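Undergrad: give me coordinates for this.
(2 chains)
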Amino acid sequence: GENVEQHPSTLSVQEGDSAVIKCTYSDSASNYFPWYKQELGKRPQLIIDIRSNVGEKKDQRIAVTLNKTAKHFSLHITETQPEDSAVYFCAATLNNNDMRFGAGTRLTVKP
Amino acid sequence: DAEITQSPRHKITETGRQVTLACHQTWNHNNMFWYRQDLGHGLRLIHYSYGVHDTNKGEVSDGYSVSRSNTEDLPLTLESAASSQTSVYFCASSYSTGELFFGEGSRLTVL
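TA: From the prediction side, this is the model:
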């Protein structure tokens, strides 16, 4: 099955700086790559996703890039704010079957 | 409003007891999933179902079972609870298009 690795496990940035989280996947057939945000004590919620037919997608301060050849994808958060502090998970799947998650990145944005 | 609910939210049990965690969704989603969340491991897939009477093993299925007798429910059963199964359990559902909608989680402690 799919194996997803995520780095770094923790990330601390100053408010206003950018944050980048990187993931690699093992199954070249995977075609859907979502990112979830989990605030303390809450359920994970989708913040952005990308499919294998595009290389980049943006939504306000967040963006995701995908490199199919290298089998890696990244989450970029610009102008970070304290409310961006959370655990972020990447995931990979083929046609939403058997979605596998990375181990998570704990992002802390210091005011 | 449509939703996905889990019960119980918190449970303490003893080693060797049978435990069932309930998951109920009102979105009429075909796909349902059970994950466990442990520090350092992210979200690991236990079992999943693509429809009534369909069940599949995930990456950490040993010691767990599920059944899907209708579209709305996917109960997770621990036949003989072990201390290694102390965790937070998340149920999720989705259409075929991708986004997972998670329940609020069930925290299980096995003493």
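
Undergrad: distance of the residue nearest to the spatial centre of chain B from B:Pro8?
TA: Centroid-nearest residue in chain B, with CA atoms, centre = their mean: B:Trp34, separated by 3.2 Å. Remark: distance between B:Trp34 and B:Pro8 (CB to CB, to the nearest Å) = 15 Å. Where C-beta positions appear, they are placed from N, C-alpha and C, glycine not excepted.

Undergrad: ok, back up a step: now name the helix or strand holding the residue nearest to the centre of chain B.
TA: Of the helices and strands defined by DSSP states H and E, B:Trp34 is found in strand B:31-38.

Undergrad: what mean pLDDT does that strand get?
TA: For strand B:31-38, the mean pLDDT works out to 95.

Undergrad: paired strands for whatever helix or strand comes next after it, with orientation please.
TA: For strand B:31-38, the following helix or strand on the C-terminal side (DSSP H and E) is strand B:42-49. Strand B:42-49 pairs in its sheet with strand B:31-38 (antiparallel), strand B:56-57 (antiparallel), by DSSP bridges.

Undergrad: can you list contacts of strand B:42-49?
TA: Outside of strand B:42-49, the residues that reach it under the criterion CB atoms under 8 Å, 6 or more residues apart in numbering or on different chains are A:6, A:44, A:89, A:98-104, B:31-38, B:55-61, B:64-66, B:68, B:74, B:76, B:89-90.

Undergrad: I'd like the strands paired with strand B:42-49 as TSV, with distance to A:Val64 appended.
TA: Written out in TSV, the entries for the strands paired with strand B:42-49 read as follows (distance: least, CB to CB, whole Å):
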stretch	distance to A:Val64
strand B:31-38	21
strand B:56-57	28
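
Undergrad: so which of these is the most surrounded?
TA: Using mean count of other CB atoms under 10 Å in any protein chain shown, the stretch among those with the largest mean neighbour count is strand B:31-38, at a mean of 23.

Undergrad: quick one: A:Gln14 and A:Pro82 touch, right?
TA: No - counting by CB atoms under 8 Å, no contact exists between A:Gln14 and A:Pro82, whose distance comes to 10.7 Å.
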